[in-house]
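Peer 1: no sequence on this one, just coordinates:
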């Protein structure tokens, strides 16, 4: 761990993190407002059409059958595309900034000639996107909390029910960031590293979406990162998804360590 490298990398990512975190909180507030105004009517409409119902349930991880509480409706924001897009944009950009970006710009040789070990550089830069992972995982909870103070609620909203989804999202973010850092360490160009990381998360979304329509998908759904992130189920049961979080943390540990080894042995072109 090197404080100077951490401060430099954190400073480079701070503006993007701030904008995305602020945008996410604002989006969640608007999302809560929308659910309060038309959430129930939307679910009633979706329930009339089997095809749309299947898409809605798999896209947001919520069952339309039976009674759906306000707490469950608000939990949908954790899996909304806007939240994922804002979160993963920050993480993938930060995780590949030094591992591949410095090499592509031709500035890596100058950085690596400093009296700082490569593991120290990798660890210092990783800490930046790990902190970003935590901040962005908390943003939906902050947004819901602010919304409960602004809008009148028809039933009690228990903010504590969203702590488990936030921790689960933090584990998911760590896995995404570690995957990006790993592929960045194996690549000398940032574009391919970002492309592979984006492909992984998009594949997870596609598998999650296609599961109800293609029977084969159910046998490989364990490959999807989103298989281990079901916030509405967490809010419904109130139970912490320990197994899912351990899987995501294990994946993060393996890919992060692989990236560390690759970055430590990486050949850096000087021209």
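Peer 2: Now that the structure is in, tell me what you want to look at. Every value quoted in this text rests on a predicted model; they were computed, and no experiment measured them.

Peer 1: So residue 152, which state does it fall into?
Peer 2: Each residue gets one of three states, and residue 152 gets coil by DSSP: H, G, I helix; E, B strand; the rest coil.

Peer 1: now it: how far from residue 175?
Peer 2: 38 Å (C-beta to C-beta, to the nearest Å). All C-beta spots, glycine's among them, are computed from the backbone N, C-alpha and C.

Peer 1: Same question for residue 142.
Peer 2: Using C-beta to C-beta, residue 142 is found at 22 Å from residue 175.

Peer 1: higher neighbour count, those two?
Peer 2: Neighbours were counted for residue 142 and for residue 175 using other C-beta atoms under 10 Å; residue 175 has more, 28 against 18.

Peer 1: Pull out the buried residues from the helix or strand where the more buried one lies.
Peer 2: For residue 175, the element it lies in under DSSP states H and E is helix 163-186. Within helix 163-186, the residues scored as buried using 16 or more other C-beta atoms under 10 Å are 164-186.

Peer 1: That one packs against which elements?
Peer 2: helix 81-96, helix 118-150, helix 190-210, helix 231-237, helix 242-264 (3 or more C-beta pairs under 8 Å, 6 or more residues apart in numbering; DSSP states H and E).

Peer 1: just the angle between it and helix 118-150, please?
Peer 2: Angle of helix 163-186 versus helix 118-150, following axes from the mean of the first three to the mean of the last three C-alpha atoms, to 10 degrees, is 150 degrees.

Peer 1: the inter-axis angle of helix 163-186 versus helix 242-264?
Peer 2: If you take the same axes, to 10 degrees, helix 163-186 sits at 20 degrees to helix 242-264.

Peer 1: relative orientation of helix 163-186 and helix 81-96 in degrees?
Peer 2: Relative orientation of helix 163-186 versus helix 81-96 (the same axes, to 10 degrees): 40 degrees.

Peer 1: what's the spacing between helix 163-186 and its chain's center?
Peer 2: Taking the mean of its C-alpha atoms, helix 163-186 sits 6 Å from the chain's own mean (C-alpha atoms, centre = their mean, to the nearest Å).

Peer 1: Same question for stretch 188-207.
Peer 2: Relative to its parent chain, stretch 188-207 has a centroid offset of 13 Å by C-alpha atoms, centre = their mean.

Peer 1: Contacts for that stretch, please.
Peer 2: Stretch 188-207 is contacted from outside by 84, 88, 92-93, 95-97, 99-101, 103-104, 176, 179-180, 183-184, 186-187, 217, 220-221, 223-227, 268-269, using C-beta atoms under 8 Å, 6 or more residues apart in numbering.

Peer 1: For ChimeraX, write the select line for the buried members of those residues.
Peer 2: A single ChimeraX command selects the buried members of those (16+ other C-beta under 10 Å):
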select :84,88,92,93,95,96,97,99,100,101,103,104,176,179,180,183,184,186,187,217,224,225,226,227
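
Peer 1: Could you state which residue of the protein sits nearest its centroid?
Peer 2: residue 173 (3.8 Å; C-alpha atoms, centre = their mean).

Peer 1: what's the spacing between it and residue 225?
Peer 2: In terms of C-beta to C-beta, residue 173 sits 10 Å off from residue 225.

Peer 1: Residue 29 too?
Peer 2: In this view, residue 29 and residue 225 are 26 Å apart by C-beta to C-beta.

Peer 1: do residue 171 as well
Peer 2: In this structure, residue 171 and residue 225 are 10 Å apart, going by C-beta to C-beta.

Peer 1: Next: residue 73.
Peer 2: 24 Å.

Peer 1: Residue 12 now?
Peer 2: The gap separating residue 12 from residue 225 is 26 Å, by C-beta to C-beta.

Peer 1: ditto for residue 177
Peer 2: From residue 177 across to residue 225, the span is 12 Å (C-beta to C-beta).

Peer 1: quick revisit: can you check what angle separates the helix holding residue 175 from helix 190-210?
Peer 2: Using the same axes, to 10 degrees, helix 163-186 lies at 140 degrees relative to helix 190-210.

Peer 1: now helix 163-186: mean pLDDT?
Peer 2: Averaged across helix 163-186, pLDDT comes to 94.

Peer 1: next one: stretch 191-209
Peer 2: Mean pLDDT, stretch 191-209: 84.
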